[in-house]
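A.B. asks: From the sequence below, what's the structure:
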Amino acid sequence: MRVLSFLGAVGIGVFAGTWLRELRRMRLAAVQPININEASKQEMVRRLRLDPELAERIVEHRPYPSKIDLLGRMVVSEEIYNSIKSRITHKAS
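C.D. replies: This next block holds a predicted model:
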């Protein structure tokens with residue numbers, strides 16, 4: 001009985017450790033800025049929580065020499081730009 005209890009505790013520990021590691025990986029991915037010159041439409045929808053049509057407009061107007069060009073080219077509204085500007089980057093590869 002002690003062996004089974006020990007194995008159960010080890011199993012729960014392994015499961016919890018794996019779950020916590022995956023949670024940390026997901027949080028780090030969400031914190032890293034997304035490159036508007038390289039990201040796919042699906043990635044923008046998922047990570048920036050944009051609607052698909054807006055993500056498509058961003059992709060169509062590439063490349064962007066700076067983030068503010070999203071406003072200058074009237075691709076997004078000022079409200080949307082202010083909500084995503086800290087989560088995007090424009091660096092060319």
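A.B. asks: per-residue pLDDT, the most centrally placed residue in the chain?
C.D. replies: The centre of the chain sits closest to residue 47, judged by C-alpha atoms, centre = their mean, with a distance of 3.4 Å. Listed pLDDT for residue 47 reads 90.
A.B. asks: where's it relative to residue 31, distance?
C.D. replies: Separation of residue 47 from residue 31 (C-beta to C-beta, to the nearest Å): 10 Å. Backbone N, C-alpha and C define where each C-beta goes, glycine included.
A.B. asks: got it, and residue 11?
C.D. replies: 31 Å.
A.B. asks: Residue ranges of each domain in this structure, please.
C.D. replies: 1-32, 34-89 (automatic domain parsing).
A.B. asks: and the ones you listed, which one is worst for confidence?
C.D. replies: Among those, domain 1-32 carries the lowest mean pLDDT, a mean of 73.
A.B. asks: Run through the neighbouring helices and strands of whichever helix in the chain runs longest.
C.D. replies: As assigned by DSSP state H, the longest helix anywhere in the chain is helix 2-31. For helix 2-31, not one helix or strand is in contact under the criterion 3 or more C-beta pairs under 8 Å, 6 or more residues apart in numbering; DSSP states H and E.
A.B. asks: and it, how far out from the chain's middle?
C.D. replies: Its chain's C-alpha centre and that of helix 2-31 lie 23 Å apart, by C-alpha atoms, centre = their mean, to the nearest Å.
A.B. asks: Same question for stretch 35-51.
C.D. replies: Here stretch 35-51 is found 8 Å from its chain centre; the criterion is C-alpha atoms, centre = their mean.
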